[in-house]
Every structure is written in structure tokens, then in C-alpha cells.
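1. let me see the structure of the following:
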Amino acid sequence: MKIGDFVRNSHHGLQRYGKVIKVLKNFKGDSWTYFDVEWIDDEKYQKAVRNIEEKSNRKYEPEYYRADQVQTLDLNKTLKTLLKLQKNAE
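-> Numbering: from 1, shown residues only. Here you go, the predicted structure:
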């Protein structure tokens, strides 16, 4: 993945979508690549995180996402697939 790539993340049934804005290779000295992601329309997730943090009294949301926590999203293909699904539902 590289800066500008669209990505998704699944968290307890919530689908999150965003764009990579920073890439950090071996950031923690563990050979993983990490990504800073700008999430879009992420209110449900943020609300869930606040709830978890209030109840556990600890920081829950990572500052950067490890490569196995986000998946590249082919935006054009996904949109075409969703439009086909919508047509089939009519």
C-alpha cells in the first residue's frame, strides 16, 4: 500500500473506509509496515471507541494501523459491484 490508496477495515461488524495518508516501515522495530489512515464517515466507530475508552479507562484506537489491519480497496470495482447489487434489489 502507498499514500493515496483507499483502504477498508472491519471492526466488530462496522465497515470503515479511508485513505492512506502516511506509510511507516518498521515503525515499531517489528518488521511491520504501519499506516496513518484518514477515515471517512467514521462516526459509529468513533462512538464505539469512546464508549470502550470510558469503560476501560485506556486508549483503544491505534495511532497507526498495522498492514494486516487494513485492506486495499479497489474503489471503482467496489462501486460497480454495489451498483449491480442495487439493480438486482429493484
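
2. C-alpha only now, for contacts and for neighbours.
-> OK.

3. pairing partners for the biggest strand by length in the chain, with directions?
-> For the chain, the strand with the greatest residue count under DSSP state E is strand 14-25. Strand 14-25 pairs in its sheet with strand 6-11 (antiparallel), strand 33-40 (antiparallel), by DSSP bridges.

4. hmm, who's touching the last one?
-> Yep, that's strand 33-40 we're talking about. Contacts to strand 33-40, defined as Cα atoms under 8 Å, 6 or more residues apart in numbering, come from residues 16-27, 63-67.

5. still on that earlier bit, check the offset of the longest strand of the chain from the chain's centre.
-> With Cα atoms, centre = their mean, to the nearest Å as the basis, strand 14-25 stands 5 Å off its chain's centre.

6. give me the buried positions along that strand.
-> For strand 14-25, the neighbour count (16 or more other Cα atoms under 10 Å) marks 16-20, 23 as buried.

7. pLDDT for the residues you listed - can I get that in CSV?
-> Shown next, in CSV, are the buried residues of strand 14-25 (pLDDT from 0 to 100):
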residue, pLDDT
R16, 96
Y17, 97
G18, 98
K19, 98
V20, 98
V23, 98
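
8. wait, which of the residues you listed is closest to Y45?
-> Lowest distance from Y45 to those (Cα to Cα) belongs to R16, with 7.9 Å.

9. so what pairs up with that closest one in the strands?
-> N9.

10. relative to E90, how far out is it?
-> Going from R16 to E90 by Cα to Cα, to the nearest Å gives 26 Å.

11. cool, thanks, talk later.
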